[in-house]
Structures are given as structure tokens and as C-alpha cells.
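Participant: take a look and give me a structure for this.
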Amino acid sequence: MVKREGGGDLVPISELLSYRLSRTSSALSRSAALRYRREFDVSLGEWRTIALIAADPTLTLNRLARRAGLDKAQVSRVVRGLVERGLVGRTEGSGRSRQLALTEAGVTVYRGLIAAANERDATFAEVLSGEEVRVLGRALEKLTDLALSLERRERDQLDDG
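Facilitator: Numbering: from 1, shown residues only. Predicted structure coming up:
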């Protein structure tokens, strides 16, 4: 075991909070991807795109990419596939932009997906007590705020360097 600054022990990667969160997140995503592929024939990227469009029917491709935190080209490929499958439609927006909206078939798929997502969420919540759910929610908010702050600081240092 290596000593941390200040005299504490350095922990191995398997005990780092960031590693454990990442590993849990990956497992959650993989199991969701398998279920959504099996039940609805959509990838995780397609599911997230459908859900974001359902939540905001005024989205354009640019806004969708920003909201998803993904590259516009990547989101464009996902949307193109959903349009070809008849799950998403494009309508003329202001200027050269085109708004995205779920088609009737897309709404049907979304309803099934969101029900499955809620069912999965309830399953995860069942292994925790009510107090653990509240504490976890609060801890996740704090960690998200800190992670975003650290990301901004790293970007500022990168821009300055």
C-alpha cells in the first residue's frame, strides 16, 4: 500500500470512488442496453435520443446534441436511423433548422421504453431503504456538482495552457 499525501494510505483502483461509480454506471448501462435491444430493438443511444425528443418536442439536431452531451455527427447518425425506421420525423423550423418530433410509432416505442426504464429504476430502489435512496440522491447531487466544477477547472487550465 502506498501512502497518500498527508500520511494516509493510497487505495487501489478498485476502491476509488470514481472507479466504483464508473463501474456501476457501466453495468447499469449494459443491462439497460440489452433489455431495450431485446424488447424494443433500440440501442442505448437511440433510447436516449427518443427520450430527449419526447421530453422536448422543440429540439433541433444541434440542441439535441448539446443536451445529450454528444458529438453532432454521432447524434445525426442516430437520428437518421430513427427517421428511416419511422420513429422520428423532421419538420421545418426557423431558418435552416429542422425540429425533431416522435412519430406515432415513436411515441408508442417511447411509452414502452419509459415504462421499462421506470420498472428498472424501481428494481434498483427496492434494494435500498427509503433513507438510503434519499442519502444516495443527495450524495449523487453533490458529486455531480463537484465533477462539473472540476471539469470546468480542467477546461480553463487547458485553455490557459
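Participant: can you map out the helices along this protein?
Facilitator: All helices of the chain, identified by DSSP state H, fall at 17-40, 44-55, 61-68, 72-84, 104-126, 130-160.
Participant: just the CA coordinates of the second one, formatted as PDB?
Facilitator: The one in question is helix 44-55. Output of helix 44-55 as PDB, limited to C-alpha atoms (Å, rounded to 0.1, in the frame of the first residue of the first chain):
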ATOM      1  CA  LEU A  44     -29.000   2.900 -25.700                       C
ATOM      2  CA  GLY A  45     -28.100   5.900 -27.900                       C
ATOM      3  CA  GLU A  46     -31.400   5.500 -29.700                       C
ATOM      4  CA  TRP A  47     -33.300   5.200 -26.400                       C
ATOM      5  CA  ARG A  48     -31.700   8.300 -25.000                       C
ATOM      6  CA  THR A  49     -32.400  10.200 -28.200                       C
ATOM      7  CA  ILE A  50     -36.100   9.100 -28.200                       C
ATOM      8  CA  ALA A  51     -36.400  10.100 -24.500                       C
ATOM      9  CA  LEU A  52     -34.800  13.500 -25.100                       C
ATOM     10  CA  ILE A  53     -37.100  14.200 -28.000                       C
ATOM     11  CA  ALA A  54     -40.100  13.100 -26.100                       C
ATOM     12  CA  ALA A  55     -39.200  15.400 -23.200                       C
END
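Participant: what is the mean pLDDT for it?
Facilitator: In this model, helix 44-55 has an average pLDDT of 95.
Participant: how distant is it from the center of its chain?
Facilitator: 9 Å (Cα atoms, centre = their mean, to the nearest Å).
Participant: what comes up buried for it?
Facilitator: Residues 45, 46, 47, 48, 49, 50, 52, 53, 54 are the ones in helix 44-55 that count as buried (16 or more other Cβ atoms under 10 Å). All C-beta spots, glycine's among them, are computed from the backbone N, C-alpha and C.
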